[in-house]
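Student: I'll drop the sequence and a predicted model, then ask my questions.
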Amino acid sequence: MSRRDTVKIYLHQTTSPYNIIDSSKSVIDSLTFRGIFKFYNTAPGTYYLAIKHFNSIETWSKSGGVPMTLSDTTFYDFTTSNSQAYGNNLKLKGGKYCIYGGNVNGDAIVDASDLSDVDNDSNAGLSGMYLRSDVNGDGFVDASDITIVDNNKSVVINRP
């Protein structure tokens, strides 16, 4: 993550059909990888946390969910272990576990259509903030973004 970026977290029930109970949006710091998420519409309990970012694979918290008291601060760190995500759906990069980037079209899988979108935008020389095809967030759509998508091909959402 090369810049501060907005992430949304959804709280889901831990039993099928895993309904959304609440959501919160926060800006994640590019150095600490931390954000403050406040949930106002839920009771204490155990929930799945689902991270959504505009060009990454949606990532759910570990199997069984996360206990939340909601009366104080609950910490959950996806970066410490692959097992922090449901189905171990994290990638080790620079000593931290990260969500997979490259789901440019938002269809729940990184595949050839995402690669095509990034390749086309790279050939067009697109630049600017918050382009879906700027996977690494550096403000330019280029070969580094193509490489990320290519390396993450076939990654899909893992959820209960």
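Tutor: Nice, I can see it.
Student: Low-confidence bits of the protein, can you list those?
Tutor: 1-3, 71-73 (pLDDT under 70).
Student: And the helices in it?
Tutor: Ranges of helices within the chain are 112-123, 143-151, based on DSSP state H.
Student: Show me the strands in this protein, by range?
Tutor: Using DSSP state E, the strands of the chain run over residues 5-12, 20-28, 45-52, 59-60, 66-68, 91-93, 96-98.
Student: Comparing those strands, which comes out most buried?
Tutor: Among those, strand 59-60 has the highest mean neighbour count (mean count of other Cβ atoms under 10 Å), at a mean of 23. (C-beta placed from N, C-alpha, C; glycine too.)
Student: Name every strand pairing with that one and say which way it goes.
Tutor: Strand pairing for strand 59-60, using DSSP bridges, gives strand 45-52 (antiparallel).
Student: what does the strand it pairs with rub up against?
Tutor: If you take Cβ atoms under 8 Å, 6 or more residues apart in numbering as the criterion, strand 45-52 is touched by 7-14, 18, 21, 58-61, 64-68, 76, 78, 86, 99, 159-160.
Student: follow-up on the earlier one: so can I have JSON lines of the helices of the chain showing distance to Asp29 and mean neighbour count?
Tutor: Output for those, formatted as JSON lines (distance: least, Cβ to Cβ, whole Å; neighbours: other Cβ atoms under 10 Å):
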{"stretch": "helix 112-123", "distance to Asp29": "25", "mean neighbour count": "17"}
{"stretch": "helix 143-151", "distance to Asp29": "21", "mean neighbour count": "18"}
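Student: Compare these and give me the one nearest Leu92.
Tutor: Closest to Leu92 of those is helix 143-151 (Cβ to Cβ; 12.6 Å).
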